[in-house]
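Chemist: I'll drop the sequence and a predicted model, then ask my questions.
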Amino acid sequence: MRIDKGKLKYAADTALTLLVVLGTLSLAWIGLTKTESIPVSAKPKTGETTIIQGDTVIVIDAGHGGFDGGATGVNTGVPEAGLNLEVAKLLEEKLKKCGFTVIMTRTDENALGSTKSEDMDARRRIMELDQVDICVSIHMNKFRDSTVSGPMVFYMRGSEEGKALAEHVMGNICELTGRPLRSANPEDLFVLRVPKAPSVLVECGFLSNAADEAKLMTGEYRNTLAEVIAQGIAEYLAAAKNGDT
Ligand SMILES: [Zn+2]
């Protein structure tokens, strides 16, 4: 475990308090209540020593960009690159509001280089920084079978911390979508292998599925997705500081 659990305690508790409030407010309109799902161990406590917030550094990697649009929507042809950036920016806003330090791999529509290898090198330099505590990559999926739908979360094969982080994020996403709990999946991918910190790849949905595409095209759904991903990260951090990830 790379995370300094003592230093995390205040930031994670405060973050979770904010997220519970935000989550409850925003999920109320779709008829869900979020508060029952917060584990007892993650509930905010009072009387903790105040430390400087922002010690927890989270990298958000919006997949693709520029010459590389990624997957495209089955009906609209929308490239995932722009949707990834939208979700990434919303996630940045929510995590910053909680006091976490956020580093974005990209903040506009451009790639990080003029070739794929330049782009990957630039992402690598950010993701492998020593001070990074969590890395989350945002993508949209596609598959030849257009009936396959729903978000998926991947973690680096063999990483217990990555698995725990992925399960917290996936659990929150499944509550949002009302799907049966889908497992987080072990994989060996660039964005999971490069970071020294626990890392997850969130595939927000399948652009090859018409219903997923329609949902992902709406700002409300992207906002709620960003919120539940942030909630999963905060839950993981709260559990990590208690040593029960
Ligand atoms: Zn992608």
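Modeler: That came in fine, so what should we check first?

Chemist: so M217 sits against T76, correct?
Modeler: Yes: with contact defined as C-beta atoms under 8 Å, M217 and T76 form a contacting pair (6.7 Å). C-beta coordinates here come from the backbone N, C-alpha and C atoms, glycine included.

Chemist: name the SS class of the residue in the chain positioned nearest to the ion, please.
Modeler: Residue of the chain nearest the ion, by C-beta to the ion: H139 (3.5 Å). Secondary structure assignment for H139 (DSSP: H, G, I helix; E, B strand; the rest coil): strand.

Chemist: list the buried residues for the helix or strand A234 falls within?
Modeler: Using DSSP states H and E, A234 sits in helix 219-241. By neighbour count on 16 or more other C-beta atoms under 10 Å, the buried set for helix 219-241 is 221-241.

Chemist: shaky segments in this protein?
Modeler: Scanning the chain for pLDDT under 70 picks out 1-53, 245.

Chemist: show me what from it comes close to the ion.
Modeler: Neighbours of the ion within the chain, by C-beta under 5 Å from the ion: 63, 70, 139.

Chemist: want to throw those residues into a markdown table with distance to V87 and neighbour count?
Modeler: What follows is the residues of the chain next to the ion, written out as a markdown table (distance: C-beta to C-beta, whole Å; neighbours: other C-beta atoms under 10 Å):
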| residue | distance to V87 | neighbour count |
| --- | --- | --- |
| G63 | 10 | 26 |
| G70 | 13 | 18 |
| H139 | 9 | 25 |
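
Chemist: out of these, which is nearest to P195?
Modeler: Distances from P195 to the residues of the chain next to the ion, taken as C-beta to C-beta, are shortest for G63 (14.4 Å).

Chemist: name the nearest residue to that closest one, ignoring sequence neighbours.
Modeler: Take G63 and drop its neighbours on the chain: the residue closest to it by C-beta to C-beta, 6 or more residues apart in numbering is H139, 4.1 Å away.
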